[in-house]
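> structure of the sequence below:
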Amino acid sequence: MRSPFRMRERFNINNYSNLGQRVITAVIGAAIIIAGSVISPWLYFMIFGLILGFAQMEFYRLTGLDGMLPLKSFGTFLGVTIFTLSFLIGIGHLDDKYYFLIFPLASLVFFIKLYRKSDKKPFTGVAFTFLGIFYVAVPFSMLNVAAFAVDGSFHYEVIVGSLFILWASDTGAYFAGTKFGKTKLFERVSPKKSWEGFLGGAALAFLVAYFLSKNFNSLPEWKWLCIATIIIIAGTYGDLIESLFKRSIEIKDSGRILPGHGGFMDRFDGLLLSAPFIAAFLKIF
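Coordinates of the predicted model:
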């Protein structure tokens, strides 16, 4: 009988290549997110709430490497609170007047910084605390708005479909860029990204959007194609902006928790910029 320790060594993800680790992590993560979103809106809420918490703490940790002193715990608490409020209001458990709780809670950041004697530049810490909320927590909260935007009830198809398109765009860009990439997309910020990769990602994203329109009934075909357009453009810029952020503090990955992908911000950078545009599009149209 094989020792469980030998088995653990054989299936250690670190034994695989970077691409192998990337695929394994993506498959497992996608399965958890999709299953949770399909099974129950509350399971979706818990999974994305955890992702938000990890991503926001990751952001604050990285700003700390650059000498900033944001309120890590309180900032993350505020971010998760905004996400929770947007979900509870969307699902009908709270009235939208409870959004006004955000403002007095957010103002506590100033009070906390006022009593911290060790901070030499307290308003820099205040600014980066709010930036973590605006950059990470608000986009995740906009996912809740998008999920309830169709007719007021939770539609997992909007969440799952948007993620499928985002992953298709990333995957198509990765393989097309690796195979054909020659023309630099934005060399100053991300030397490896190419126009060939961008076009490969766009083609696969539109293909997936068309497939979704034939299998998901929540949205008509033109709306899926519009969401794909949003994700292709805003998702690419989201990736570039996170690369600019990492370059400014001279690191390669935002973390190491996701093998082959880096950190949570590395994996969800395209979503951070896409989600507000998707929510606005679905609410307006």
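
> tell me where the stretch 1-150 of the chain has helices.
4-10, 18-39, 41-65, 72-91, 102-114, 122-132, 138-147 (DSSP state H, counting those that start in this stretch).

> mind checking these for the one nearest to residue 168?
Closest of those to residue 168 is helix 18-39, at 11.5 Å (criterion: CB to CB). C-beta coordinates here come from the backbone N, C-alpha and C atoms, glycine included.

> which stretches of the stretch 1-150 of the chain aren't confidently modelled?
1-19, 22 (pLDDT under 70).

> rerun that using 50 as the cut-off
Low-confidence segments of the stretch 1-150 of the chain (pLDDT under 50): 1, 4-5, 7-9.

> what's the strand of greatest length in the chain packed up against?
Across the chain, the strand with the greatest residue count (assigned by DSSP state E) is strand 190-194. Secondary-structure packing of strand 190-194 (3 or more CB pairs under 8 Å, 6 or more residues apart in numbering; DSSP states H and E): helix 156-180, strand 184-186, helix 221-248.

> redo the ones you listed as a markdown table? Include distance to residue 28.
Converted to a markdown table, the helices and strands packed on strand 190-194 look like this (distance: least, CB to CB, whole Å):
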| stretch | distance to residue 28 |
| --- | --- |
| helix 156-180 | 13 |
| strand 184-186 | 29 |
| helix 221-248 | 22 |
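
> and those: which comes nearest residue 135?
helix 221-248 (8.7 Å).

> for stretch 30-46, measure first residue to last.
15 Å (CA to CA, to the nearest Å).

> residues contacting it, please?
The contact list for stretch 30-46 (CB atoms under 8 Å, 6 or more residues apart in numbering) reads 47, 48, 84, 87, 91, 147, 154, 156, 159, 160, 163, 167.

> quick check: buried residues in the longest strand of the chain?
Applying a neighbour-count criterion of 16 or more other CB atoms under 10 Å, one finds 190, 193, 194 buried in strand 190-194.

> keeping just the C-alphas, turn it into PDB.
The C-alpha trace of strand 190-194 is given here as PDB (Å, rounded to 0.1, in the frame of the first residue of the first chain):
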ATOM      1  CA  SER A 190       3.700  45.300 -19.500                       C
ATOM      2  CA  PRO A 191       6.400  44.200 -21.900                       C
ATOM      3  CA  LYS A 192       4.900  40.700 -22.500                       C
ATOM      4  CA  LYS A 193       1.500  41.800 -23.700                       C
ATOM      5  CA  SER A 194       0.900  42.100 -27.400                       C
END
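
> got the contact list for it?
173, 177, 180, 181, 182, 183, 184, 185, 186, 239, 240, 243.

> hmm, 10 Å instead?
173-174, 176-178, 180-187, 200-201, 236, 239-240, 242-244, 246-247 (CB atoms under 10 Å, 6 or more residues apart in numbering).

> just the buried members of the residues you listed?
Among the contacts of strand 190-194, the ones that count as buried (16+ other CB under 10 Å) are 173-174, 176-177, 181, 185-186, 200-201, 236, 239-240, 242-243, 246.

> out of these, who's nearest residue 80?
Closest to residue 80, out of all of the buried ones among the contacts of strand 190-194 and judged by CB to CB, is residue 242, at 20.7 Å.

> so the closest one touches residue 251, yeah?
No. Contact criterion CB atoms under 10 Å: residue 242 and residue 251 do not qualify, at 11.0 Å.

> name the nearest residue to residue 268, sequence neighbours excluded.
Spatially, and ignoring its direct neighbours in sequence, residue 268 is nearest to residue 55 (6.2 Å; CB to CB, 6 or more residues apart in numbering).

> revised request: answer the last question for residue 156.
Using CB to CB, 6+ apart and skipping residues adjacent in sequence, the residue nearest residue 156 is residue 37, 4.4 Å away.

> the one you found: how many residues sit nearby?
23 (other CB atoms under 10 Å).

> next one: residue 272
Counted with other CB under 10 Å, residue 272 comes out at 25.

> and the helix or strand containing it, average pLDDT?
For residue 272, the host element (DSSP states H and E) is helix 264-284. Confidence over helix 264-284 (mean pLDDT, whole number) is 93.

> isn't residue 152 right next to residue 90, touching?
Yes. With contacts counted by CB under 10 Å, residue 152 reaches residue 90, the gap being 8.2 Å.
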